[in-house]
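Enquirer: A structural model of the following input is requested.
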Amino acid sequence: MLSKKLFWATLMTLAAACGPASAGHAADPVPLKIGFFSGYSGPFAIFGQVADATIAAFMAEHGDVVAGRKIVILRRDTMGPNPDGVRRMTQELITREHVEMILGGDYTPNALAMAGPTAQAKVPVLLVNAATTSILARAPYEVRFGFTTSQVAIPFARWAAAHGYTRIFLIYTDYGPGLEAGAAFKKNFSEAGGTVVGEVRPPLMSPDYSAYVQSAKDANPQAIFIFAPAGQHPQAFLRAYTDSGLKEAGVKILATGDLTDELQFEALGDATLGMYTVYHYDEDHDSAVNRRFLADFYKFAPPHVRADFDAACTYDVFQALYKVVAAQNGKLDPDKTIALLKGMRFESPRGPIMIDQNRDIVQNVYIRQVRKIEGKLQNVEIDTIPMVDDHGNRVK
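Expert: Sure, this is the predicted structure:
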């Protein structure tokens, strides 16, 4: 009888030890799993290095626990434009890892590849990049924190016309964002009284620009407007531009900010000096938020890495993530998350930003000129077009 009593007493003790925690000693909440897409290998590895330095800087400032839930980041390597791979990885993150949100998105094909799986599973996606305006129409659970090509090309065209440019030649890469940029600039520059004296569309795959620049030279423009993706395009274009003698002839370059991304300055060198560009972020932006961001970013960045627009936008998707998790006390509902993001406003390293009711970004657009400051090439802001929507219109 004694041994039976001892058995049951021991069993009850073990059950109490292994059972639910008593009030006041609740078990730790389930970690919040977040998928994160960026390039982490090959020629795209530098984008992952920028992202990781940014995430480390943000968490150094804000911690890695929100509303009691520890943020766990599951990184995935896009390896550049890779829609099939991104679609597969998105499905794996949702079905196997049970992520509650996905951040990142670097190229339009990748953003579109995420759209189907995330819409079906109702997993919100906060886009760092991917600049084609039409993406969100096909991606009901995606929210843009980057920019659109129309958002920067349209105000730039109007600015150029207002600053004495009357004859411009267009060079824009023959793929979605490039075609959008070329069409937007041409329409708005023409409506403002300017004349497009010619246009060419180089292919996406690393072209030789000499023939395209010669076409521009033959048209005798005041300036060349160019949209080309970061990577090998800027070097190829600037080499052809320098060899053509157009710089000595006073023909200016007006470009989107891809051409003078901070990560490329070392490779491009002084050939960029004097270029006018338009974008939504630069290291030169004068604000307390940006100064703090840069100070923390450079504590974690490798020596060859600089803070660029990807860094600022990555910082902002984490700001938004923390806000929606806190607002829901750590229990995420996807539709409520989207509703909370619509109309969200806060101060970014790039200035004030807002997400509109169409899930698109509204932000300042900056006209910059490349200058050398203390021996360092820098995009220096010379003009601001405040609070521009994804279609290039001012929002009051």
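Enquirer: ok, then the element right after the helix or strand harbouring Ala184?
Expert: In the assignment (DSSP states H and E), Ala184 maps to helix 176-191. Counting by DSSP H and E, the next helix or strand C-terminal to helix 176-191 is strand 195-200.
Enquirer: listing partners with orientation, what would you give for that following strand?
Expert: Strand 195-200 has the following strand partners under DSSP bridges: strand 167-172 (parallel).
Enquirer: buried ones in the helix or strand hosting Val365?
Expert: Using DSSP H and E, Val365 maps to strand 361-373. Within strand 361-373, the residues that count as buried by 16 or more other CB atoms under 10 Å are Ile361, Val362, Gln363, Asn364, Val365, Tyr366, Ile367, Arg368, Gln369, Val370, Arg371. Placement of C-beta: from N, CA and C, glycine included.
Enquirer: residue contacts, the first one?
Expert: This points to Ile361. Arg144, Phe145, Gly146, Phe147, Thr148, Gln151, Ile353, Met354, Ile355, Asp390 (CB atoms under 8 Å, 6 or more residues apart in numbering).
Enquirer: narrow these to those in strands?
Expert: Mapping the contacts of Ile361 onto strands (DSSP state E) picks out Arg144, Ile353, Met354, Ile355.
Enquirer: want to throw the residues you listed into JSON lines with distance to Arg69, neighbour count and pLDDT?
Expert: Formatted as JSON lines, these follow (distance: CB to CB, whole Å; neighbours: other CB atoms under 10 Å; pLDDT from 0 to 100):
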{"residue": "Arg144", "distance to Arg69": "25", "neighbour count": "28", "pLDDT": "98"}
{"residue": "Ile353", "distance to Arg69": "25", "neighbour count": "23", "pLDDT": "98"}
{"residue": "Met354", "distance to Arg69": "26", "neighbour count": "16", "pLDDT": "98"}
{"residue": "Ile355", "distance to Arg69": "23", "neighbour count": "23", "pLDDT": "98"}
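Enquirer: so Arg239 belongs to a helix, correct?
Expert: Yes - assignment of Arg239 by DSSP: H, G, I helix; E, B strand; the rest coil places it within a helix.
Enquirer: okay, it: pLDDT?
Expert: On pLDDT, Arg239 comes in at 95.
Enquirer: next one: Val65
Expert: At Val65, pLDDT is 98.
Enquirer: then the one 10 residues further on?
Expert: Arg75 is assigned a pLDDT of 98 by the prediction.
Enquirer: for Trp8, same thing?
Expert: Confidence score, pLDDT, at Trp8: 40.
Enquirer: just Asp316 next, same as before
Expert: For Asp316, the predicted pLDDT is 98.
Enquirer: tell me the buried residues in the stretch of helix or strand it belongs to?
Expert: When elements are defined using DSSP H and E, Asp316 is found to belong to helix 309-327. Within helix 309-327, the residues that count as buried by 16+ other CB under 10 Å are 309-322, 324-325.
Enquirer: what's the local residue count around Gly330?
Expert: Other residues within reach of Gly330, judged by other CB atoms under 10 Å, total 15.
Enquirer: for it, what are its contacts?
Expert: Listed by CB under 8 Å, 6+ apart, the contact partners of Gly330 are Pro29, Leu32, Val66, Ala67, Gly68, Arg69.
Enquirer: what residues does the fifth one make contact with?
Expert: Taking CB under 8 Å, 6+ apart, we find Gly68 in contact with Pro29, Gly330.
Enquirer: and it, how far is that from Ile382?
Expert: Using CB to CB, to the nearest Å, one gets 46 Å for the distance from Gly68 to Ile382.
Enquirer: where does the prediction get shaky in the stretch 51-200 of the chain?
Expert: For the stretch 51-200 of the chain, no stretch is flagged by pLDDT under 70.
Enquirer: quick one: the strands in it, in order.
Expert: Assigned by DSSP state E, counting those that start in this stretch, the stretch 51-200 of the chain shows strands spanning 65-66, 69-77, 101-104, 125-127, 142-144, 167-172, 195-200.
Enquirer: can I get those strands in a markdown table including distance to Ala51?
Expert: Converted to a markdown table, the strands of the stretch 51-200 of the chain look like this (distance: least, CB to CB, whole Å):
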| stretch | distance to Ala51 |
| --- | --- |
| strand 65-66 | 19 |
| strand 69-77 | 8 |
| strand 101-104 | 7 |
| strand 125-127 | 13 |
| strand 142-144 | 17 |
| strand 167-172 | 27 |
| strand 195-200 | 34 |
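Enquirer: now Asn290, nearest residue through space, not along the chain?
Expert: Excluding its sequence neighbours, the residue lying closest to Asn290 (CB to CB, 6 or more residues apart in numbering) is Pro349, at 4.1 Å.
Enquirer: thought that neighbour was touching Tyr315?
Expert: Yes - assessed by CB atoms under 8 Å, Pro349 is found in contact with Tyr315 at 5.9 Å.
Enquirer: for stretch 349-369, how far is the first residue from the last?
Expert: Start-to-end span of stretch 349-369 (CA to CA, to the nearest Å) is 19 Å.
Enquirer: run the chain-centre distance for that stretch.
Expert: 11 Å (CA atoms, centre = their mean, to the nearest Å).
Enquirer: just how off-centre is the helix or strand containing Ala339 within its chain?
Expert: Element membership for Ala339 (DSSP H and E) is helix 334-341. The chain centroid and the centroid of helix 334-341 are separated by 20 Å, computed with CA atoms, centre = their mean.
Enquirer: now it: average pLDDT?
Expert: Mean predicted confidence for helix 334-341 is 98.
Enquirer: list the buried residues in it.
Expert: For helix 334-341, by 16+ other CB under 10 Å, it's Thr337, Ile338, Leu340, Leu341.
Enquirer: and the helix or strand following that helix, which strands flank it?
Expert: Sequence order places strand 345-348 as the next helix or strand after helix 334-341, per DSSP H and E. Next to strand 345-348 in the sheet, as set by DSSP bridges, lie strand 351-355 (antiparallel).
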